[in-house]
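**Student:** sequence first, predicted model second:
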Amino acid sequence: MTPEEEVVLQVSLMLLTLLLRKKLVRDKIVHPQKSAVRPNKNVIRPQKSIVHPHRSIAHPYKNAGEKFVYNVIHGPPKNCLNLLRMDKDIYVALCNALKNRNLLHDARDISVEEQVAIFLYSVGHNKRNRASQDTFQHSGQTISKYFNVVLRTICHLGKDYICRLNNDTPAKIQNDPRFYPYFKDCLGVIDSTHVPVWVPTSTHGRFRNRKGVLSQNVMAVVGFDMRFHYVMAGWEGSAEDSRVLYSALDDNVDPLQIPEGKYYLADGDYPSIVGLITPYCGHQYHMSELNASGSQPITTAEELFNNRHFSLRATVERVFGLLRSRFPILKSQVEYPFSTQVQIVLATCVLHNFILDHNPNATQFDVEDGASYDVDTSSEIDNEHEFKVQVVKRGSNDSLRATIAAQMFEDFNNRCRR
């Protein structure tokens, strides 16, 4: 090898050595006596799982809602009545009706039966979302979702289950000589009830009724078959009953229609217009026709008319009491949007009719549990001027009332002389 070739070889070896050293430095590989692997801060390493003994899974019991429904359907008959406020057969019929109308469908993790159970459990026991979460082991979002879904679907059933009576004389009147033939053209009773509401502070003035309670004024037409035949909910508690009536009569979407020649009974808070018959003001109303101990005998046609008018009109008070006792959610304020509170009233009325349609002898709850929240009404006319205006506009039923009272009193006196 020539001297020139040796020089070239040495230079090549030196360059190769330098290149290898640079590569080793770049890869952070050093001599053994100086090796120390430093952790890369940019690398994400898995953390060790930390067990918190005080924490638990939010809903640890799977299929709790499914087991709840199974217990309701296959358990003792009183299970369904106590938990869902209706008999087992009626609950199954309700679920089937909603499915057959394609209003409800089974979801991935929750059946139609469980969806309906969530709603009935809430309105039947006035349970809040958090309590239903614990019972059915679902998230609050799921409970709220299906509560509102079922609420809307039941309101949708209203057009089939809340409808006007036919024009036939009710059996309650036709089969009782105290009422027939005097009230043969009477179809039912119109009255209002007050349901507590939760509303923003800025609207308290409009919703505070004469008893100082925040409420919505709900007007209903009730037949002597104990069913609702028209319901208007959502009026402020401060609204007069007569004002709600005018709104129903003049409503453009779903007006209250009274057939010609027919009428409803109403109390002294309503005007004596065509289609309504109210009691005589200034005469006793709650009195015994048979002159029980401590009561005064009936001496005038007006008193006799008022007595029998009250006996028939008591039907609506009983229906309101039954509705509240079956669905306690109507007895207290609930923190839902006001539109939802209105829908709850309508839905419970639909359920009331649905139950009676499927079983007129269905188990009822103690009416004493449904204490009245109504505003105390009296025969004193506070808005006499407005009543006169409406009588001029819609006509008066005073002459018909006088005719009925006179005939009724004459027959009463003839029977007493026998």
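**Tutor:** Ah, there it is. Numbering: from 1, shown residues only.
**Student:** what residues sit buried inside the lengthiest helix in the chain?
**Tutor:** Criterion DSSP state H: the longest helix present in the chain is helix 301-326. By 16 or more other CB atoms under 10 Å, the buried positions in helix 301-326 come out as 301-310, 312-313, 315-317, 319-326. Quick note: C-beta positions are derived from backbone N, CA and C, even for glycine.
**Student:** which strands or helices does that helix pack on?
**Tutor:** helix 171-174, strand 186-196, strand 215-222, strand 263-265, helix 338-358, helix 398-417 (3 or more CB pairs under 8 Å, 6 or more residues apart in numbering; DSSP states H and E).
**Student:** pLDDT (mean, whole number) over the shortest one?
**Tutor:** So the one you mean is strand 263-265. The average pLDDT within strand 263-265 is 97.
**Student:** next structured bit after it?
**Tutor:** Counting by DSSP states H and E, the next helix or strand C-terminal to strand 263-265 is strand 276-277.
**Student:** centre of the chain to that next one, how far?
**Tutor:** Computed by CA atoms, centre = their mean, to the nearest Å, the chain-centroid distance of strand 276-277 equals 29 Å.
**Student:** same question, stretch 120-131
**Tutor:** With CA atoms, centre = their mean as the basis, stretch 120-131 stands 11 Å off its chain's centre.
**Student:** for Lys127, give me its contacts.
**Tutor:** The neighbours of Lys127, taking CB atoms under 8 Å, 6 or more residues apart in numbering as the test, are Tyr121, Thr135.
**Student:** related to what we said a few turns ago, among the helices and strands packed on helix 301-326, which comes closest to Ile143?
**Tutor:** Comparing the helices and strands packed on helix 301-326 by their distance to Ile143 (CB to CB), the top pick is helix 338-358, with 13.8 Å.
**Student:** quick one: low-confidence ranges for this protein?
**Tutor:** Across the chain, the ranges flagged by pLDDT under 70 are 1, 22-62, 286-296, 367-383.
**Student:** tell me the domain boundaries of it?
**Tutor:** 64-156, 163-417 (automatic domain parsing).
**Student:** neighbours of Leu84, how many?
**Tutor:** When neighbours are defined as other CB atoms under 10 Å, Leu84 has 23 of them.
**Student:** need the contact list for it.
**Tutor:** Applying CB under 8 Å, 6+ apart, we find Leu84 in contact with Val72, Tyr91, Ala117, Leu120, Tyr121, Gly124.
**Student:** what count of nearby residues applies to Cys186?
**Tutor:** Neighbours of Cys186 (other CB under 10 Å): 22.
**Student:** what does Pro77 give?
**Tutor:** Neighbours around Pro77, by other CB under 10 Å: 11.
**Student:** repeat that for the one 5 residues further on.
**Tutor:** Neighbour count of Asn82, defined by other CB under 10 Å: 12.
**Student:** got it, and the one 4 residues further on?
**Tutor:** The burial count assigned to Met86 is 23, neighbours taken as other CB under 10 Å.
**Student:** isn't it right up against Pro77?
**Tutor:** No. Met86 is not in contact with Pro77 according to CB atoms under 8 Å; the separation is 11.2 Å.
**Student:** that older thread, top of the contacts of Leu84 by neighbour count?
**Tutor:** Ala117 (28 neighbours).
**Student:** distance-wise, check that one relative to Asn71.
**Tutor:** Distance of Ala117 to Asn71, computed by CB to CB, to the nearest Å: 10 Å.
**Student:** before we move on, what about Leu94?
**Tutor:** Going from Leu94 to Asn71 by CB to CB gives 17 Å.
**Student:** what do you get for Glu236?
**Tutor:** Glu236 sits 42 Å away from Asn71, going by CB to CB.
**Student:** the residue nearest the centre of the chain: what's it in contact with?
**Tutor:** Central residue of the chain (CA atoms, centre = their mean): Ile344, 1.8 Å from the mean position. Going by CB under 8 Å, 6+ apart, Ile344 touches Val123, Leu151, Ile329, Leu330, Val334, Tyr336.
**Student:** thinking again about what came up before, more crowded one of Leu94 and Asn71?
**Tutor:** Counted by other CB under 10 Å, Leu94 and Asn71 do not tie: Leu94 has more neighbours, with 23 against 13.
**Student:** tell me the contacts of the more buried one?
**Tutor:** So, once contact is read as CB under 8 Å, 6+ apart, Leu94 ends up touching Met86, Val116, Leu351, Phe354.
**Student:** and for Tyr121?
**Tutor:** Tyr121 makes contacts with Leu83, Leu84, Lys127, Ser132, Thr135, Phe136, as judged by CB under 8 Å, 6+ apart.
**Student:** what's the local residue count around the nearest residue to the last one once chain neighbours are set aside?
**Tutor:** Going back to what we said before, that points to Phe136. Once flanking residues are discounted, Phe136 sits nearest to Gly65: 3.9 Å by CB to CB, 6 or more residues apart in numbering. Neighbour count for Gly65, taken as other CB under 10 Å: 25.
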